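how does the following fold in three dimensions:
(chains A, B, C and D, ligands or ions: 2)
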Amino acid sequence: MDIEKIRQDFPMLQGKTMQGKPLIYLDNGATTFKPKPVIDEIVAYLSDYTANAHRGDYDLSYVVDTKYEQVRADVAKLINAPNPKEIVFTYGATDSLNLIAEGYAKTHLGQGDEILICVAEHAANTLPWFKVAREVGAQVNYIDLDETGRVQMEVVKRAVNDHTKIIALAHVTNVLGHVLPVKEICDYAHERGIIVVIDGAQSVPHMPVDVQDLDMDFLVFSAHKMCGPTGVGVLYGKYDLLKETTPTRLGGGSNSRYNSCGVVSLKNPPEKFEAGTPNIEGVVGLGAAVRYLMAIGMDQIAAYEEELRAYAVKRMQEVDLVEIYNADAKMGPIAFNIKNVFSQDAASLFNKYGIAVRAGQHCAKILDEYLKVSTTVRASFYFYNTKEEIDAFVEVCKKGDDFLDAFF
Amino acid sequence: MDIEKIRQDFPMLQGKTMQGKPLIYLDNGATTFKPKPVIDEIVAYLSDYTANAHRGDYDLSYVVDTKYEQVRADVAKLINAPNPKEIVFTYGATDSLNLIAEGYAKTHLGQGDEILICVAEHAANTLPWFKVAREVGAQVNYIDLDETGRVQMEVVKRAVNDHTKIIALAHVTNVLGHVLPVKEICDYAHERGIIVVIDGAQSVPHMPVDVQDLDMDFLVFSAHKMCGPTGVGVLYGKYDLLKETTPTRLGGGSNSRYNSCGVVSLKNPPEKFEAGTPNIEGVVGLGAAVRYLMAIGMDQIAAYEEELRAYAVKRMQEVDLVEIYNADAKMGPIAFNIKNVFSQDAASLFNKYGIAVRAGQHCAKILDEYLKVSTTVRASFYFYNTKEEIDAFVEVCKKGDDFLDAFF
Amino acid sequence: MPSFDDPMLMREVIMDHYQYPRNHELVQDDARYEQVNMNSSTCIDNIDVQAYIDQDTIQDIRFDGEACAICTASTSIMTELLKGKSVEEAKAIIDQYMNMIYERPYDPEVLDEAIVFKNTHKQANRIKCATLGWNAMKKIINHETGGDEDD
Amino acid sequence: MPSFDDPMLMREVIMDHYQYPRNHELVQDDARYEQVNMNSSTCIDNIDVQAYIDQDTIQDIRFDGEACAICTASTSIMTELLKGKSVEEAKAIIDQYMNMIYERPYDPEVLDEAIVFKNTHKQANRIKCATLGWNAMKKIINHETGGDEDD
Ligand SMILES: Cc1ncc(COP(=O)(O)O)c(C=O)c1O
Ligand SMILES: Cc1ncc(COP(=O)(O)O)c(C=O)c1O
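Ligands and ions are numbered 1, 2, ... in the order given. Coordinates of the predicted model:
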């Protein structure tokens, strides 16, 4: 993996500055930069083959259809889905999770049933469950984290009970970054007829994810966190489950026919979920992103990021001022604080030196009940980051005491 | 309005061909071409200022926030909304209509209440109402069209009754193209406490629409039908109504806080509807489209398109083989058939000559109950079309008899 | 096999089957027939196809619905061609037809009149139309008549 | 008006108000106070501000919550500056403060210590923090304490 060559593919990595300093982007958990092939594909749709999808009465629209459906096959290959029809295009991970909650859980759960999540989940994997639970009389309960912030298999086993119908967890959480034992959880859950929903927003971009091997029932992720455009995401579901899932949007393209008496017949998955004009340039951009990542190799990406993260942790641990909350996680972001500096003030200091990191609760607003610290700074990497960037970042960590510098 | 100069702005109008013939795109009702400023803005987001929105801890994300919020102001200006906070970004007109049905109608309608639509409505303005009506025990009833396919004010008055709670109609329908007397309908409805939902997917792109003057309660439209990108649309609603509307997606960015007991407090509109990472390049692209259209002038666009349509109708009427179903509409597409030729076969013939038109039911699948013809060919124009293109189109209309030509 | 290199001739065959579709009436309430509705997502053809298969032989095929010339003619030709064939023969012919449509090597011998559709790829958006009836028959043969959607 | 052209001095003022925020305790169950919660959508500051206004004069201001240095210090300075002022005076001072923050012409005279925030525009993403408490006060003065969201 030639990082310097890879960096050449990203316009955002070509001489951009922030506060007059070379930009160092360590907020990849929020969104990632886009390589040229992705931008080019989007521009191609906008400039060379603009037409609506699924309406093919002329060659141009046939081209759009073909490209659009090809992306389903590309995504299926990325996650090793047996059937491209199990790939539903949504508007993002949030949209996908809401679709599972509204379209599946709401029609399959009832009074007294239980949904298990954990406190490290992103708001998108929490709030839709609260809502559905309230509406059907079910309960949202929590699987405890161990002292390092992990979901341990034994704890899952203890948490599961006769009422449990759905387990919804992040493959890698967006703050703590531990890798969930998905396969073991699915094995255990399936023996008990429990459906497993995996939030792959922070895993699919960073490591190989094989839905057949792991055997989850649903998997969601967003294109924009994996070199693709915003406004497009994926819902993977086992085909039989997708068939049982009700769409959350109705409109053109999702119904095969209806009459004025309100008798509607819906199409099969995935079409039934894709009502209205989809994000076409988003989907073709996602396709380009998937092909780009696969050309580098998800294994390679995972190995390099692991090395990068370990390096960053080691360097940061040399700085007394820094407190890391998840030093031993293999993947994902580093959650930390500069001692005695409010996270947002710290973020400003980094900003002053051209470094983009995030402060706050990172949409995992109930995590404070576990971490006992209400906000953190989060540095999150992608395969285009370098050790040199981390060195520069660590230098700023050392300046923590002077955080008001940023203000003058 | 200098059409030749305007055409220079559109890459899709620069020497593209279909079946070896110069491309003539008359499917603007489905989606429109994108001018350079729109493409450039999207590329700028992807290349020069990539970051997530609403997460601003560093300058780059602040730039994104600022640009994103500026588009709300631009859109508000386009439709003369009093307050940019009344502009909600959705994923398209379909998404917007589903949001009104799920988020407003479902919580405000009950047993025996009535929703009035008409048979010319697009599936997106029909199916969500069927669903909500079924769920709350309300009724969807129809306002009859007159013999020319219009919704007449007198008929609306006759249709409205004590049970009517919502009237949902297209400003300009996507097949018949008549302009709805929105202002009169709103006046009449509001006296009776009825909410008026206007589907502006085919009006906002083509003519000035002033929400204060017309006084509708909700207005929806899609960016991609007005020179903007796909996967982004607008829901305008009067602020008080938006406050009463429940979001259909929950996740990051839409809640201000919650705890593990499921107590959630939502933000105010528009944020509460925009959970998850939005279609950022879609929104900034929409902003560029709005500014582009306003620079030309919506009045100018409307006047030119009216002239173009009248010319096309006149020329088509000279061809005996052609049957037009909405010759006297001022705006919108021309719905027609070539006598004795199935619409899809006709579309292929046009395709052979490089002309993109659509065949079918155009997502208004219950219109056949009115038109007594189940499918039509639809030619729909935009301000970049020319009389020369229409001449070429009419020449192909004359070849209708030889429709199998396309096949050899 | 008739020689159809002359476009005029090919066009005549299509027009004939379009204007006078064969086997163009559905049977009612006859439990021996399996039926499938084909309603394309990308075109507006909407046809029902019925077949009565017995003793491994296709005894009868029928169709009806609203469809374009290409769909109607190709389905009409299909019904004539496959009626009386064994299930195995029918499968082989369908395979050859698909090969022709998708521009793979194919055996024109077994396709008879159906080869008038050999130019379909030139109007790629019509592939759906030219295969709808054929896919319906495939579904019936494979007893996959559940879904309401073609593919 | 103190002279704060020296960054060291400005920093000290901010640090002092951050470490020892003034009026930093809410009153409980005192109906004379109006209260507003400010919870920013783009930053993580979350503060409650209370004010007791009587006879057109701001008798007392208090705040509490979890917030960054900029938000805490600017709110603390605000409470000191506006306490005892008439509603009209307070409005005028808030306007001048906003002018300063948004780089419009402003009158430094009335801002006193608050002018330590004059460089906020250099870190545009901190404007939210530096105005959160001030906007809270504006809401209370205008009796717009309903929503749970700042703007
Ligand atoms: C773990 C996790 N789940 C879900 C999401 C939501 O993704 P999106 O905002 O793209 O819908 C995110 C992104 O912030 C995330 O990190
Ligand atoms: C009148 C009308 N309403 C709604 C829609 C749906 O728009 P979209 O597909 O962009 O969601 C369309 C577009 O086909 C339309 O023409």
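
does residue A:337 count as helix, strand or coil?
strand (DSSP: H, G, I helix; E, B strand; the rest coil).

what about it, neighbour count?
20 (other Cβ atoms under 10 Å in any protein chain shown). Heads up, the C-betas are built off the backbone N, CA and C, glycines and all.

touching, it and residue A:378? I think so.
No. Contact criterion Cβ atoms under 8 Å: residue A:337 and residue A:378 do not qualify, at 10.2 Å.

quick one: buried residues of stretch A:107-117?
Neighbour-count burial for stretch A:107-117 flags A:108, A:109, A:113, A:114, A:115, A:116, A:117 (criterion: 16 or more other Cβ atoms under 10 Å in any protein chain shown).

and it, end to end?
Chord length of stretch A:107-117, first to last residue, is 19 Å (Cα to Cα, to the nearest Å).

and it, does that touch ligand 1?
No. Against ligand 1, stretch A:107-117 shows no contacts by Cβ under 6 Å from any ligand atom, the least distance being 11.7 Å.

picking that back up, just curious, which of the buried residues of stretch A:107-117 is nearest to chain D?
residue A:117 (22.5 Å; Cβ to the nearest Cβ).

the stretch 151-300 of chain A: helices as residue ranges?
A:153-159, A:182-191, A:211-214, A:239-244, A:280-296, A:298-317 (DSSP state H, counting those that start in this stretch).

any idea how far the spatially most distant residue from the centre of chain C is from residue B:47?
The outermost residue of chain C, judged against the average C-alpha position, is residue C:29 (22.7 Å), by Cα atoms, centre = their mean. Residue C:29 sits 64 Å away from residue B:47 when distances are taken as Cβ to Cβ, to the nearest Å.

what of residue C:46?
Counting by Cβ to Cβ - residue C:46 and residue B:47 are separated by 45 Å.

residue A:388: neighbour count?
10.

next one: the one 10 residues further on
Applying other Cβ under 10 Å, we find 15 residues neighbouring residue A:398.

could you find the closest non-adjacent residue to residue 37?
The chain I'm using is chain A. Nearest residue to residue A:37 in three dimensions, chain neighbours excluded: residue A:288, at 4.9 Å (Cβ to Cβ, 6 or more residues apart in numbering or on different chains).

switch to chain C, please.
residue C:48 (5.1 Å).

hang on, the earlier thing: helix, strand or coil: sort out the residue farthest from the centre of chain C for me.
Strictly by three-state DSSP, residue C:29 counts as coil.

just to check, residue C:76 is in contact with residue C:15?
No. Between residue C:76 and residue C:15 there is no contact under Cβ under 8 Å: 11.3 Å.

who has more neighbours, those two?
Neighbour count, other Cβ under 10 Å: between residue C:76 and residue C:15, residue C:76 has more, with 22 against 14.

beyond the strand or helix carrying residue A:379, next helix or strand please.
Secondary structure from DSSP states H and E places residue A:379 in strand A:376-379. Per DSSP H and E, the first helix or strand lying C-terminal to strand A:376-379 is helix A:387-398.

near ligand 2, which residues of chain C show up?
Residues of chain C lying near ligand 2 (Cβ under 6 Å from any ligand atom): none found.

which residues in chain C form helices?
For chain C, the helices defined by DSSP state H cover C:7-19, C:69-82, C:87-101, C:127-141.
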